[in-house]
Every structure is written in C-alpha cells, then in structure tokens.
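>>> fold the stuff below for me.
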Amino acid sequence: MSSPPESNPEKVGARILVIDDERAIRRFLRAALSAHHYEVIEASSGEEGLQAAATHRPDVIILDLGLPDADGVDITRRLREWTQTPIIILSVRASEQDKIAALDAGADDYLTKPFGTGELTARIRAALRRVGPQNPGQTLFRSGNLSVDLLHRTVSVHGSPVNLTPTEYELLKQLVQHAGKVVTHRHLLHAVWGEPYEDEAHLLRVNISNLRHKIERDPAQPEYILTESGVGYRLRIEQ
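The predicted structure follows:
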C-alpha cells in the first residue's frame, strides 16, 4: 500500500470493523474507506461482529442497529463490557429515541442512512483523535484556538483567558472529557445539575448558549460546541 500524501490526516492502516447485514452497504464502505487508506474488516451479524472485534482489535467499529440476530444497541452494550473502541452507529433509524438508546448504551456517534462519505470519514477521524485525549493523565485539551486546562480549571481562546461561571465550566468539562463524542442532554443535565434536573432541557439550552457566547467567534454558527439535533451536543476536535 502506497503512503498517502502528507495532507491526508487519516491514520494510515487504521482498522475499521463494519458490522452490517446489507452486502451492498459493506461493499460500498469497503471501497470508500479503502480509498482513504483504511483497512476494512466485515461482519454480517452481531455475533460475527463481536468475534471479529475480539479477533482483529479494530480502531473504530461501524455498527448497524438492524442486525439479523441481535439489536445493535445490545451489541453496543456487549462490546462496552470489554472494550472502549469507538463505535459509530450507521442506521436507517432516525428517531430521537433510537439515537439516545444507542448513545446511552455506549456508542460514540450516530449517523443515519443515507449518509455522505465525507461526513462519515470526518466522524471516523474525530473518533481516532479521541482515543488519545481520553488518557486519564491528559489534563490539557486543545481544539483549534480553544484551550481547556482541566488541572488548573482555566479556559482560553486565542490565548486570552475566558471567565466562565462554575456551571458553564462544568458543562465544558463534560464535553471535553467526551470530546468528539455526542453527549446526550440527559447525561449533561445529570452530570452538572443532578438527577432531579434530567428533564430540564431549557436549563441546558440557556447555559450552552451562554457558553457559546463566551468561546465561539460566532455563537450562531458554532465551531466548537456542535448541536446534535434532538439528542445532545458534541465538542469538535480540531488540530
């Protein structure tokens, strides 16, 4: 395999496990991902996917929810019993409930079919970058011009300090600790305010808006805190 050009940000040789019962989807993904220098492993059922994950130790798992022998949410739970490999759900199911169930089970991201190859590969790159920063010893997070020092509880943009309220900082901290992943509304509300506030979506929206006004160049078109409609928020990882 020839080396990609230096401008290609993908990790050469990263191994992607595709678990999907549709042969046409697997064939399409193999062609598309191989063109981006990924190694692709295929599985057509949940059990086959679990075995392939244990045998091949992929860097990222792309998982369909509608498998012939098991629901993808259950497969996600079983994977999370022994591995933290990033899981990207790729499914025709587009309801908020399906997305939340998959993310709460341990999936890192969720894309609905039909999908664009560009968006999928961008999500894969984000998942690969996320693996390193989740090191418990990593206390300094950077994305573009945003820096968050978890040890000293400081935030800066373009090198200038940003003053956050304790609540705004805790929200940002949660997003940093799950950078690149979709964090559900319920998770954020529970982590920052506690269980009695898990249904207070307005409270979360107001504080996310305030946070964006402090760290985003244009809060109406955020670069860092991205909205996953009906599900939650994702902190973008940018080199």
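
>>> any idea of the mean pLDDT for stretch 104-118?
The average of the pLDDT scores along stretch 104-118 is 92.

>>> residue contacts, the spatially most central residue of the chain?
Nearest to the geometric centre of the chain sits residue 181, at 2.6 Å (CA atoms, centre = their mean). Contacts of residue 181 were listed using CB atoms under 8 Å, 6 or more residues apart in numbering, and they are 108, 109, 130, 234. C-beta: built from backbone N, CA, C; applies to glycine.

>>> next up, the contacts around the last one.
Okay, so that is residue 234. 109, 175, 180, 181, 182, 183, 225, 226, 228.

>>> for the closest residue in space to the third one that isn't next to it in sequence, helix, strand, or coil?
Read it as residue 180. The spatial neighbour of residue 180 that comes closest, neighbours along the chain excluded (CB to CB, 6 or more residues apart in numbering), is residue 130 at 3.7 Å. Taken by DSSP: H, G, I helix; E, B strand; the rest coil, the conformation at residue 130 corresponds to helix.

>>> got CSV for the contacts of residue 181, with distance to residue 48 and secondary structure too?
Formatted as CSV, the contacts of residue 181 follow (distance: CB to CB, whole Å; DSSP: H, G, I helix; E, B strand; the rest coil):
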residue, distance to residue 48, secondary structure
108, 21, coil
109, 22, strand
130, 26, helix
234, 30, strand
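
>>> which of those residues sits closest to residue 31?
Using CB to CB, residue 109 is the member of the contacts of residue 181 that sits closest to residue 31, with 21.4 Å.

>>> what's the spacing between the closest one and residue 37?
Here residue 109 is placed at a distance of 20 Å from residue 37 (CB to CB, to the nearest Å).

>>> contacting residues for the residue lying closest to residue 29 once chain neighbours are set aside?
Distance criterion CB to CB, 6+ apart; nearest residue to residue 29, sequence neighbours excluded, is residue 18 at 5.1 Å. Residues in contact with residue 18, defined by CB under 8 Å, 6+ apart, are 25, 26, 29, 30, 33, 40, 41, 42, 43, 62.

>>> separation between residue 193 and residue 46?
Plainly put, residue 193 is 36 Å away from residue 46 if you go by CB to CB.

>>> wait, I meant residue 34
Separation of residue 34 from residue 46 (CB to CB): 24 Å.

>>> which one's more surrounded, those two?
Ranked by neighbour count (other CB atoms under 10 Å), residue 34 and residue 46 place residue 46 first, with 23 against 13.

>>> show the contacting residues for that one.
19, 67, 69, 70, 71, 72, 74, 75.

>>> run through the helices of the protein in chain order.
Taking DSSP state H as the test, the helices found in the chain are 23-34, 46-56, 72-80, 96-105, 117-131, 166-177, 185-193, 201-215.

>>> show me which positions of the third one end up buried.
Taking 16 or more other CB atoms under 10 Å as the basis for neighbour counts, the residues of helix 72-80 that come out buried are 72, 73, 75, 76, 78, 79.

>>> give me the beta-bridge partners of the residue nearest to residue 29?
Here residue 18 sits in beta bridges with residue 42, residue 62, going by DSSP bridges.

>>> let's have the chain start at 431 instead
New numbering, starting at 431: the last item is residue 448.
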